[in-house]
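1. output the structure for:
(one chain, ligands or ions: 1)
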Amino acid sequence: MSPTLAELTEAELLRRLARFAPPNQLSDDTAALAADARPLLINTDVLVDGVHFSDATTSALDVGWRAVAANLSDLAASGAVAIDGITVALVAPGCTSWDWVDGVYQGISAALDQYGGVLLGGDCSKGEQRLLSITALGRLGPLRLHRNAARPGDVLVTSGPHGLSRLGLALLQDDPSLRDIALDPSLHNKAIARHLHPTPRFDEVQQLLACKPDHLPWRAGGTDSSDGLLSAVAGLCSSSGCGALLQRDQLPVAEGWPEGPAWTDWCLSGGEDFELVLSLPEAWADIWQKCIPESQRIGRINAEAGVIRWAHNHERVEAGGFDHFSQP
Ligand SMILES: [Mg+2]
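-> Numbering: from 1, shown residues only. Reported below is the predicted structural model:
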């Protein structure tokens, strides 16, 4: 039987957590990073029990993986090309089992093994609700992707389909409104995998760096779609003082994605997709798309500040207003 955190002494807890870091990494209260000419990128994300994860849908291992992947996705979407590591702050009630904490740190380690970087440090505290705060540190490559770097005339492209994570969550929650919908089995499995095991898009950023046409400057708008596709496009538009036209018939959906307003809404605003959403000069976008099979061109940036419209009828794009699957 796994001990609870209340049964472990703090020293024993730290001794156990130190196994997930390089030798002696956690024996001091600070971590030193080797000097590097490249700028340091830093990002912090907080995950709260009941808000960002739940025992009903997410194993401890997946909580750890998702926490790291969400942080690293922000670094990738800023142009990071290497990861130094992360710090982890853990808050949990004393009744939390060591097995759960062990699983979370195993998930953290698995993600770091996959994408680079080590556990640099952190802190633990007793608290009423489980909470995980991760700060990730990485190194910037030659291109700093900014939300404010979109320009009228750019094309909007994304690295992959959207809505899968939201569908995966609904499936894990056994959402009753999905029970009568015949989903393609491969879509079903892909949605759950994308929800539990998101992928920070470092490879796609490397492709973007490698394929820049020589005549173009190092300028591209970019963010990830952690808060949903439409939110990502809106962020690019408002930061850049631009607008966008979206192609209704080119929404980035997975193969077998059903049709209907609720499904379109999940594509636009389901959230937690962790894909790149980029605003690129057309020539750069064309070459990048040839390297990224799941990429999709979704529209174009224009000068109508802060307004996102459908290209086919020029109506404003609205999302988030559907009561999912309750409509006939
Ligand atoms: Mg993000």
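2. how is this structure carved up into domains?
-> Listed by automatic domain parsing, the domain ranges of the chain are 10-26+35-140, 147-310.
3. TSV for the ones you listed, including distance to residue 317, mean neighbour count and mean pLDDT?
-> Every residue, glycine included, has its C-beta placed from N, CA and C. Below are the domains of the chain laid out as TSV (distance: least, CB to CB, whole Å; neighbours: other CB atoms under 10 Å; pLDDT from 0 to 100):
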stretch	distance to residue 317	mean neighbour count	mean pLDDT
domain 10-26+35-140	21	18	95
domain 147-310	5	19	96
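4. I'd like the ones you listed as a markdown table, with distance to the ion appended.
-> Shown next, in a markdown table, are the domains of the chain (distance: least, CB to the ion, whole Å):
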| stretch | distance to the ion |
| --- | --- |
| domain 10-26+35-140 | 4 |
| domain 147-310 | 3 |
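5. could the ones you listed go into a markdown table alongside distance to residue 2?
-> As requested, these are exported to a markdown table (distance: least, CB to CB, whole Å):
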| stretch | distance to residue 2 |
| --- | --- |
| domain 10-26+35-140 | 4 |
| domain 147-310 | 22 |
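6. quote the end-to-end distance of stretch 22-40.
-> 21 Å (CA to CA, to the nearest Å).
7. quick one, helices of the protein?
-> 10-18, 60-76, 98-115, 164-172, 185-196, 202-210, 229-240, 261-269, 282-291 (DSSP state H).
8. looking at the ones you listed, which is nearest to residue 3?
-> Ranking the helices of the chain by proximity to residue 3 (CB to CB) places helix 98-115 first, at 5.1 Å.
9. I'd guessed residue 234 sits against residue 316; true?
-> No - Residue 234 is beyond contact range of residue 316, at 11.3 Å (criterion: CB atoms under 8 Å).
10. which neighbours do these two have in common?
-> Both residue 234 and residue 316 are in contact with residue 308, where contact means CB atoms under 8 Å, 6 or more residues apart in numbering.
11. please name the residues that touch the closest residue to residue 14 other than its chain neighbours.
-> In space, and not counting its chain neighbours, residue 14 is closest to residue 26: 6.7 Å by CB to CB, 6 or more residues apart in numbering. By CB under 8 Å, 6+ apart, residue 26 lies in contact with 14, 17-18, 119, 121-122.
12. if we go to 10 Å?
-> By CB atoms under 10 Å, 6 or more residues apart in numbering, the contact set of residue 26 is 14-15, 17-20, 119-122.
13. mind listing what the residue lying closest to residue 109 once chain neighbours are set aside touches?
-> Residue nearest to residue 109 in three dimensions, not counting chain neighbours: residue 20, with 5.2 Å by CB to CB, 6+ apart. By CB under 10 Å, 6+ apart, residue 20 lies in contact with 26, 64, 88, 102, 104-106, 108-109, 112, 118-119, 122.
14. swap in 8 Å and give it another go.
-> Listed by CB under 8 Å, 6+ apart, the contact partners of residue 20 are 105-106, 108-109, 119.
15. can you pull the phi and psi angles for the closest residue to residue 226 other than its chain neighbours?
-> Spatially, and ignoring its direct neighbours in sequence, residue 226 is nearest to residue 274 (5.7 Å; CB to CB, 6+ apart). Residue 274 adopts backbone torsions of phi 60, psi 40, taken as degrees, to the nearest 10.
16. quick check, central residue of the protein?
-> Centroid-nearest residue in the chain, with CA atoms, centre = their mean: residue 274, separated by 3.0 Å.
17. wait, it sits on residue 202?
-> No - counting by CB under 8 Å, residue 274 sits too far from residue 202 to count as a contact (11.4 Å).
18. got the helices of the chain as CSV, with distance to residue 142 columns?
-> Shown next, in CSV, are these (distance: least, CB to CB, whole Å):
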stretch, distance to residue 142
helix 10-18, 36
helix 60-76, 15
helix 98-115, 20
helix 164-172, 30
helix 185-196, 29
helix 202-210, 6
helix 229-240, 20
helix 261-269, 32
helix 282-291, 13
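19. who touches stretch 125-133?
-> For stretch 125-133, contacts defined as CB under 8 Å, 6+ apart pick out 5-6, 44-50, 63, 67, 88-94, 96, 104.
20. list the contacts of residue 182.
-> Applying CB under 8 Å, 6+ apart to residue 182 gives no contacts.
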